[in-house]
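S.K.: this one's structure only:
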DNA sequence: ATAGGTTATCGAAGCGCTTCGACAGTTTTT
DNA sequence: AAAAACTGTCGAAGCGCTTCGATAACCTAT
């Protein structure tokens, strides 16, 4: 294993000079720099991460806490994680993967041991028990998701309330007066996941303003659950012509069931999904959708964090504006 | 920040004693141990990760390299990643998330810097350019997936060849003589991803042995691509009564198309999927399937790695035996 | 010319931990 | 009763790096 000292010796300079070449924290003459860089290359030198962390009290690692659960759309999580990892790398950071399993203890462990310089938390609940710890710790952190109380925290999320409103507006503009919302699984609402509730708020508020009748039903997803849910909706509101689907695993079942019942999409009923673009374009009908900007969220979170670590940046809530893409699943109301 | 020295002072012992209490590498009297543990608790001490890594040249971190691509079934990746992370924790390791983006450089960086003690590689290609590096480095590693040449490497994977064979056997037993295979996207075969080719080997070999006619068609997945693929298959082999689907995003489209054409599952045609159980049970027909044991693979990989790190264990290839679960999508051949 | 300011480099201290050898005290073996 | 072997603890060295003065060499302005 090659050390800094060996590089220094090989280049005929002192260890500190090599260190300054590496960090750029002091000016170095061009000739010395080149000689050192040459030695580094020849010897195949890689700075030792542990030593560096010890001496500088910076690990250059960002911890990413992902949920254990798989009852919500996993590809979104994955996409965020990948975006976080790649963006972090462009800023010289690596990413430590923590699962929600350890809960608040993980926050303590990572903060206390200096394993990571900062944290990103996904799948934050409205009243998350990890939040007090974050507020107290000196460690910068960013949440992906929005808790009930955001004071002293930095958050990045899609503006789900605006998303809900946007969905209603789109369908209202097309003349739909009766809209049904296929929501996430009941468990998601029970544990007060912010995004689900905020979407609902937006949907309700805007439909009230526009005089739209709105029906919301949680749904486990999958074919059987969707069949039951749909039957109940059509029973209670036979005049329903517009559907907003927030549970991605209910999308395809819904389309299949509608087809089966002889209801054409978009001629008889319109279906609007809140989902990643990939799902919208791969479905059996090309879906009009509000996309979930997973990549953008991951990237944003890292950039906020890096700004904080550099002493720039401050606590703020970044809500990404929703974008609706019209495809082939929505059209004018039929009746 | 609390240090070892402060704990030592608080407990009235030397620093090395505290260290030995923590590591258990030398015997400590019960009274001393308890006093030290008490101090640790009272002061809220957490060992500094960097210092520990430097002094012991062990970071207690396992690097996990996941593919950047999203053309293959992402939930499986995610499930493996989560299994790796949680299993690693039970052995005292954390997980560093690397994306394939950096390629072989990531291997050099992590190996060289001592950032991680060991590596797990996912989505290994048959002739992966990271493999020579792994063979040379002293760092223990485990592959999830099977490259062309496994000498000097430890691999964990589902036995996809046996999986292919098992699929054919199941359909053959039910009397099917003409089987079509809906494969992964063409790109997956082009980059010689081992599992896709090995599945095909198994399918071909066993159908030859059993005198089954087999047709294999790659498929991008999604509704439109599946429609084209299905039309071509039924055109070339109108007598096809059994389908084996390896591309999860083609499953639901296939079922919808068959339904649309008035072919009942399983009465007229049988559909057998190679996919995670979750997909099989959530589909519009409960699918007979060979499950992809993502969790088991992740767990296994970590355990192999930990064994190596402890000086136990050796290079070996672990192929997990496939398990076929009969559900409602396969039945006796109709003709 | 000389004081003051830069620029480029070095030496040394120290980050918080592990680990090795030493040693006193106790137990076992012969 | 002496020799050999443990046990439990300590002190000190050192892991590989960063960073803080210090210092010498070189520029400017007066």
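M.R.: Perfect, thanks for sending it. Treat the numbers as computed from the prediction; the structure is a model and nothing was measured.
S.K.: which secondary element of chain A has the worst mean pLDDT?
M.R.: Among the helical and strand segments of chain A, the one scoring lowest on mean pLDDT, DSSP states H and E is helix A:277-282, with a mean of 88.
S.K.: hmm, that one in reach of chain B?
M.R.: Yes: for helix A:277-282, a contact with chain B is found by C-beta under 8 Å from any C-beta of the partner chain, at A:278, A:281, A:282. The way it works is simple: take the backbone N, C-alpha and C, and place the C-beta from them, glycine included.
S.K.: how close does the second one sit to residue A:231?
M.R.: Residue A:281 sits 28 Å away from residue A:231, taking C-beta to C-beta, to the nearest Å as the criterion.
S.K.: show me which of these two is the more surrounded one.
M.R.: Neighbour tally, residue A:281 and residue A:231, criterion other C-beta atoms under 10 Å in any protein chain shown: the higher count belongs to residue A:281, 15 against 12.
S.K.: what residues does residue A:248 make contact with?
M.R.: Neighbour list for residue A:248: A:73, A:221, A:273, A:275, A:276, A:279 [criterion: C-beta atoms under 8 Å, 6 or more residues apart in numbering or on different chains].
S.K.: could you check how far it is from residue B:223?
M.R.: Counting by C-beta to C-beta - residue A:248 and residue B:223 are separated by 16 Å.
S.K.: what segments of chain A are helices?
M.R.: Per DSSP state H, chain A carries helices over the ranges A:4-11, A:15-23, A:30-43, A:49-56, A:74-90, A:104-113, A:131-136, A:160-173, A:186-190, A:194-210, A:223-236, A:248-260, A:277-282, A:294-309.
S.K.: how about the ones you listed in JSON lines, adding distance to residue B:196?
M.R.: As requested, the helices of chain A are arranged in JSON lines below (distance: least, C-beta to C-beta, whole Å):
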{"stretch": "helix A:4-11", "distance to residue B:196": "45"}
{"stretch": "helix A:15-23", "distance to residue B:196": "43"}
{"stretch": "helix A:30-43", "distance to residue B:196": "39"}
{"stretch": "helix A:49-56", "distance to residue B:196": "36"}
{"stretch": "helix A:74-90", "distance to residue B:196": "20"}
{"stretch": "helix A:104-113", "distance to residue B:196": "36"}
{"stretch": "helix A:131-136", "distance to residue B:196": "43"}
{"stretch": "helix A:160-173", "distance to residue B:196": "38"}
{"stretch": "helix A:186-190", "distance to residue B:196": "35"}
{"stretch": "helix A:194-210", "distance to residue B:196": "36"}
{"stretch": "helix A:223-236", "distance to residue B:196": "28"}
{"stretch": "helix A:248-260", "distance to residue B:196": "24"}
{"stretch": "helix A:277-282", "distance to residue B:196": "20"}
{"stretch": "helix A:294-309", "distance to residue B:196": "26"}
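S.K.: and these: which comes nearest residue A:120?
M.R.: Relative to residue A:120, the nearest member of the helices of chain A by C-beta to C-beta is helix A:294-309, separated by 5.1 Å.
S.K.: need the residues of chain A near DNA strand D, please.
M.R.: Counting by C-beta under 7 Å from any atom of the strand, the residues of chain A lying close to DNA strand D are A:1, A:3-5, A:15-16, A:19-20, A:22-23, A:25, A:45, A:47-48, A:51-52, A:54-56.
S.K.: buried subset of the residues you listed, written for PyMOL?
M.R.: Buried residues among the residues of chain A next to DNA strand D (16 or more other C-beta atoms under 10 Å in any protein chain shown), as a PyMOL selection:
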select buried, chain A and resi 4+19+20+22+45+47+48+51+52+54
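S.K.: tally of neighbours for residue A:83?
M.R.: 21.
S.K.: that one reaches residue A:293, doesn't it?
M.R.: No: taking contacts as C-beta atoms under 8 Å, residue A:83 lies outside contact range of residue A:293: 9.6 Å.
S.K.: tell me how many other residues surround the residue lying closest to residue A:292 once chain neighbours are set aside.
M.R.: Nearest non-adjacent residue to residue A:292, counting by C-beta to C-beta, 6 or more residues apart in numbering or on different chains: residue A:276, 5.2 Å away. Number of residues near residue A:276 (other C-beta under 10 Å) recorded here: 21.
S.K.: of the residues of chain A next to DNA strand D, which are in range of DNA strand C?
M.R.: A:15, A:16, A:20, A:51, A:54, A:55.
S.K.: tell me how far residue A:267 lies from chain B.
M.R.: 17 Å (C-beta to the nearest C-beta, to the nearest Å).
S.K.: need the pLDDT of residue A:71.
M.R.: As predicted, residue A:71 sits at a pLDDT of 66.
S.K.: poorly predicted segments of the stretch 1-150 of chain A, please.
M.R.: A:70-72 (pLDDT under 70).
S.K.: so which bits of it are right by DNA strand C?
M.R.: A:12-17, A:20, A:26-29, A:31-33, A:51, A:54-55, A:57.
S.K.: show me the contacts for residue A:49.
M.R.: A:59, A:60, B:50, B:53, B:59, B:113, B:114, B:115.
S.K.: I meant to write residue A:180 there.
M.R.: A:214, A:215, A:216, A:217, A:233, A:237, A:240, A:242, A:243, A:244.
S.K.: identify the bridge partners of it.
M.R.: On the basis of DSSP bridges, residue A:180 is bridged to residue A:215, residue A:243.
S.K.: where does residue A:137 fall, phi/psi-wise?
M.R.: In this entry, residue A:137 is assigned phi and psi values of phi -70, psi 150 (degrees, to the nearest 10).
S.K.: how much space between it and DNA strand C?
M.R.: 16 Å (C-beta to the nearest atom of the strand, to the nearest Å).
S.K.: residue contacts, the closest residue to that residue other than its chain neighbours?
M.R.: Closest residue in space to residue A:137, ignoring its immediate chain neighbours: residue A:111 at 4.7 Å, by C-beta to C-beta, 6+ apart. Residues near residue A:111 by C-beta under 8 Å, 6+ apart: A:119, A:133, A:137, A:139.
S.K.: how is chain A divided into domains?
M.R.: What automatic domain parsing lists as the domains of chain A is A:4-47, A:61-158+A:294-320, A:160-292.
S.K.: identify the residue nearest residue A:123 in space, chain neighbours excluded?
M.R.: residue A:67 (3.8 Å).
S.K.: and the one you found, how many residues sit next to it?
M.R.: The number of residues near residue A:67, taken as other C-beta under 10 Å, comes to 20.
S.K.: tell me who's in contact with it.
M.R.: Going by C-beta under 8 Å, 6+ apart, residue A:67 touches A:77, A:99, A:100, A:122, A:123.
S.K.: neighbour-wise, which one of these leads?
M.R.: residue A:77 (24 neighbours).
S.K.: wait, that one touches residue A:66, no?
M.R.: Yes: the pair residue A:77 / residue A:66 is scored as a contact, 5.9 Å apart, by C-beta under 8 Å.
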